[in-house]
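K.L.:
Test case, fold it:
(chains A, B and C)
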Amino acid sequence: MTPERPMLEVSGLVKQFELRKSSSHRVGRGTALKLTAVDHVSFSVPRNQTLGIVGESGSGKTTLARCLTRLMEPDAGSVVFDGTDIRSLGGKDLQRLRRRIQVVFQDPFTSLNPRMTVGAALAEPLRVHGITGRSDTPARVAELLDLVGLPSTVTRSFPRELSGGQRQRVAIARSLAPEPELLIADEAVSALDVSIQAQILNLLVDLTDRLGLTMVFISHQLSVIANIAHSVAVMYLGQIVESGPVDSVFESPQHPYTAALLAANPEPVPERRRRKPAIRGDIPSPLDMPSGCRFRTRCAYAEDRCALEDPPPVRVGTRHDARCVVLPYREAELHR
Amino acid sequence: MTASAAGEGSTADAAAPLLEVENLYTAFPTAHGSVMAASGVSFSLAERETKGIVGESGSGKSITLRSLLGLVPEPGRVIEGTVRWAGRDLLSLRPAELRAIRGREISLIFQDPTSSLNPVYTIGEQIAETLRIKLGMSARAARERAVELLDHVGIPAAKSRVGAYPHELSGGMRQRVMIAIAIACKPRLLLADEPTTALDVTIQDQILSLLAELQEEFGMAMILVSHDLGVVAQNCDSVAVMYAGHVVEDAPAKDLFESPRHPYTAALLEALPSIRSPGTRGRLRQISGQPPDLSRLPAGCPFTPRCTQARDACADVTMQPIEVGRLHMTACPFAAEAR
Amino acid sequence: MSATVPARPRRESEKALMLRALEKRARSERRWGLLSLWIGALIIGVLALAALFAPLIFPDGPNQQDLLNTLQPPSWSHPFGTDNLGRDIFTRSIYAARIDLMVGLITTYVPLVLGVLLGLVAGYRGGWLETVVMRAVDVVVAFPFIVLVIAVIAIVGPGLLGVYIGITVVGWALYARLTRAEVLVLKEQQFVLAGQSLGYSSTRIVFRHLLPNVIRPNLVFSTLDIVLNILVLASLSFLGLGVQPPTAEWGLMVAEGQTFLLTAWWISTMPGLVIVLAGVGFSLLGDGLADRLGEGWRGRAGENEGMILSVAEESP
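P.N.:
Numbering: from 1, shown residues only, chains lettered A, B, ... in the order given. Predicted coordinates:
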């Protein structure tokens, strides 16, 4: 039985930024520093599945999201969408690609043009991509609004007249207008109230199931990823340090960073634990990364050999990989 | 009505509360009528207790905190209520008296460390400033103490970092500096307005742990305002839940999370995604409707439009607190009746 | 007043009365803003209408001489008096408005269009185009406005055409700078990113998404600019570089009346007052517009609910 081709396959993706000498890093004149925001990232997402990408600030997840749609150009690696390497596309082909991959952004307050009505904002992608003509556009706009649970009267409203949750629904409707196959949600619920978050998460689960969408959901909130993703990739300083099915990764994390993230996550369970924090120190500067494993300076399990080389991904469970040379083996021993 | 709260882990006597807020009303007058950001807010705090105030946008949690110290932004104004502290009503003090209390007996830390620190002064200078003004220390003594404080809040190599500017530090470090300034005078009460919301989860963990340590060490009470129920659950002795400017429930943390007695609290807890059941893609029990529009609230209980147990009588609810357990009050008379 | 029924019975305590007083103050502040807009619009409206219908109201034209009635002070038959050639100054002032208002509009809105276009493209595209445009702006802005205009007129020759070209060559710069600054910020807003990911062409993004959001601050600034340009025209005419006699133009009229300042003060002063009136009118209009339009895409000034909620509550 041949496995189905994944919807999205990313291999060795690299994105670097060049910085001029800055005041807080003493470097010689004229030296350009290279900041590697995305460092040889590889993953794949099967059709109709949702991959969660979780990371904190400096992890590179937002840069990665931008590279997936070529809003930023990657420096190396490949992004293969449904069999086509999107990096090789240009002009009209890229425009056609834009129909099939859509993005939902974080901030409902700035992701809609404040001077356009909801109706106009939804009609525009339909017309630009030639999906509907002048006469059938209003009907399709009404359908899209219905999909996201908004009344059609909202077409005359401006974004400032709507609440955050309503705006996010409009943004989702707009991203569905081109009839995409892949949806990239970049912190799509992070700026919403908790009570509205649940609504939008339910909506996204519903839509991806109903419309057969594949989704990459980027967030710093573990609980949200746990709820919406089938599989998860944990990023730290530009690298995926652990990836796998979300239940496997969250129930038995094999990378110390994942374990720390889970331990630090405040659960709404009342226990005043006087415990030590799950992780110590600050994130190292990406311009000055530790040798070997980049997490070792904050790791509770670090050993001397961790400084020697950057750990390659090691298989620790069904489709579950982790870049650690200490913890997986310790776990394995415990279970022997 | 408002019972004095002796939180778990505090000294066991039911002495007079450290802070008692009664019937606080804060309004924002506009050309179209006034918006009540805080309506009849009442609660009390015991020595060394940590109280959480939790709510979403428009709940009034931040305004309540600012009202306590007279820091309500224009055009807002506290129009009614008393805030009893050390035998005085803070709301009736003259500006100079209130200023004396701020930073010394009661300190405040904010959400965004980036804009709360002055970018043109070093962190050492900003800490020393507080020490000189509030404690009358000499410049030299203040400088030395500043280094000690930086070390105390966990800034590595404090002696060399003391001359750093805020922009040279990470978000977590800046928040530590803010905390250092806040505890410089060993206040008896710390007001923390979303102190970790802008920080990464792992850094948040560190900062909350630091605050707990400092509380223990200085015998400080704390009011922690947050939208994050998890943060509040794991760091507070008691919790007040706010909605549309009203306190809808106030209870010891354990009771609030295990047996909530207000439909809003219960709905909020059920709507939370959790890492405990990963991958189920189960539909969350969402709360219908939109966040409240403070200028157009319905009569009676403001949660009515979104409440699954709403009934006609909700329009007559006065939002007065009703006792339903030890130190546990709710504003919903129907939730109080049930059971 | 809001339609809410308060949960507790409202006592007419001192504090409730104070609230009502504050609300009233907020309302009257709002009214003043509106008033400014309408007064300004009224003044300009009257001037514009008078200018437009001048040939109908004063069919004799601005140059009708009456040598028997020279240097007459203001009276019922000659509200602004007459000048040394017996011409009615009131009539001339109205006819002058035709020129001054037209010049004001053209010298403001042609540079506006030019400047906004250049600012949009420079800000969005960046690169060498941005550098070239912004350096040009820097050069133009470094000189005193009128000096540059005079330099251009020296090349082109005096007269209205010279004035148009002169002010346009210099006037676009501030609009370009303002627009480009706005574009730089707007570019990073997520709705621009959204447009890009939806596959919109750069042209569409610049004209359909950026332009409507940058036009407001430019329009607000333009009302002030009109005043300044009219004054520049008046100054140029005063210097003999603008309109030539016997054409009626406010600045020229002021210049012509110079020699009679002590004897027939009205010849210079009346047109001068009209200039002031026009200036005040446009300024009030500009102020009122600025109030109403707010800061453009950043939100309407004084839109209370949104402002209050964002002031009263940090977002989640």
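
K.L.:
How about the longest helix along chain B and chain A, any contact?
P.N.:
Secondary structure of chain B per DSSP state H: the longest helix is helix B:201-218. Yes: applying CB under 8 Å from any CB of the partner chain, one finds helix B:201-218 touching chain A at B:201-206, B:208-209, B:212, B:216. In this view, the C-beta of every residue, glycine as well, is placed from N, C-alpha and C.

K.L.:
same for chain C: which of the residues you listed are within range?
P.N.:
The subset of these within reach of chain C, counting by CB under 8 Å from any CB, is empty.

K.L.:
Just the buried ones among the residues you listed, please.
P.N.:
Burial of the residues of helix B:201-218 next to chain A was assessed by neighbour count (16 or more other CB atoms under 10 Å in any protein chain shown); the buried members are B:201-206, B:208-209, B:212.

K.L.:
re the thing from before, ok, then the element right after the longest helix of chain B?
P.N.:
strand B:221-226 (DSSP states H and E).

K.L.:
for the record, mean pLDDT for that following strand?
P.N.:
Averaged across strand B:221-226, pLDDT comes to 96.

K.L.:
Can you tell me which of the residues of helix B:201-218 next to chain A is closest to A:Ala300?
P.N.:
B:Thr202 (12.3 Å; CB to CB).

K.L.:
Tell me the pLDDT of that closest one.
P.N.:
On the pLDDT scale, B:Thr202 is placed at 91.

K.L.:
if I look at it, how far off is chain C?
P.N.:
According to CB to the nearest CB, to the nearest Å, B:Thr202 and chain C sit 20 Å apart.

K.L.:
Grab the nearest non-local neighbour of that residue.
P.N.:
In space, and not counting its chain neighbours, B:Thr202 is closest to A:Ile279: 4.5 Å by CB to CB, 6 or more residues apart in numbering or on different chains.

K.L.:
residues touching the one you found, list them.
P.N.:
By CB atoms under 8 Å, 6 or more residues apart in numbering or on different chains, the contact set of A:Ile279 is A:257, A:260, A:264, A:298, B:202, B:205-206.

K.L.:
Pick out the residue in the stretch 151-300 of chain A sitting closest to chain C.
P.N.:
Here the residue of the stretch 151-300 of chain A nearest chain C is A:Asp193; by CB to the nearest CB that distance is 4.9 Å.

K.L.:
and that residue, how many neighbours?
P.N.:
24 (other CB atoms under 10 Å in any protein chain shown).

K.L.:
got the phi/psi numbers for it?
P.N.:
Note on A:Asp193: backbone dihedrals following degrees, to the nearest 10 are phi -60, psi 150.

K.L.:
my read: it touches B:Leu229, true?
P.N.:
No: counting by CB atoms under 8 Å, A:Asp193 stays clear of B:Leu229, with 12.0 Å between them.

K.L.:
Would you mind confirming that A:Leu204 is in contact with A:Ala185?
P.N.:
Yes: counting by CB under 8 Å, A:Leu204 touches A:Ala185, with 6.8 Å between them.

K.L.:
what touches both of the two?
P.N.:
Common contacts of A:Leu204 and A:Ala185 (CB under 8 Å, 6+ apart): A:215, A:217.

K.L.:
Please enumerate the strands of the stretch 1-150 of chain B.
P.N.:
When assigned using DSSP state E, counting those that start in this stretch, the strands of the stretch 1-150 of chain B occupy the ranges B:19-30, B:33-45, B:50-54, B:77-85, B:88-89, B:106-109.

K.L.:
so where's the chain shaky on pLDDT?
P.N.:
Just so you know, I chose chain A. Residues of chain A meeting the criterion pLDDT under 70: A:1-3, A:20-32, A:273-274, A:331-336.

K.L.:
Chain B is the one I meant
P.N.:
Residue ranges of chain B with pLDDT under 70: B:1-15, B:339.

K.L.:
In space, not sequence, find me the middle residue of it.
P.N.:
The residue lying closest to the centre of chain B (CA atoms, centre = their mean) is B:Val225, at 2.7 Å.

K.L.:
Isn't that one up against B:Leu190?
P.N.:
No: taking contacts as CB under 8 Å, B:Val225 lies outside contact range of B:Leu190: 11.4 Å.

K.L.:
residue in the stretch 51-200 of chain C nearest to chain A?
P.N.:
In the stretch 51-200 of chain C, the residue that lies nearest chain A is C:Gly199 (3.2 Å; CB to the nearest CB).

K.L.:
tell me the SS of that residue?
P.N.:
Judged by DSSP: H, G, I helix; E, B strand; the rest coil, the three-state class of C:Gly199 is coil.

K.L.:
Find the residue closest to B:Ser138 in space, skipping its chain neighbours.
P.N.:
Closest residue to B:Ser138 apart from its sequence neighbours, by CB to CB, 6+ apart: B:Arg132 at 7.7 Å.

K.L.:
Revised request: answer the last question for C:Tyr109.
P.N.:
Counting by CB to CB, 6+ apart, the residue nearest C:Tyr109 is C:Ser222, at 6.9 Å.

K.L.:
For whichever strand or helix holds the one you found, buried residues please.
P.N.:
Here C:Ser222 sits within helix C:211-238, counting by DSSP H and E. If you call a residue buried by 16+ other CB under 10 Å, then helix C:211-238 has these buried ones: C:211, C:213-238.
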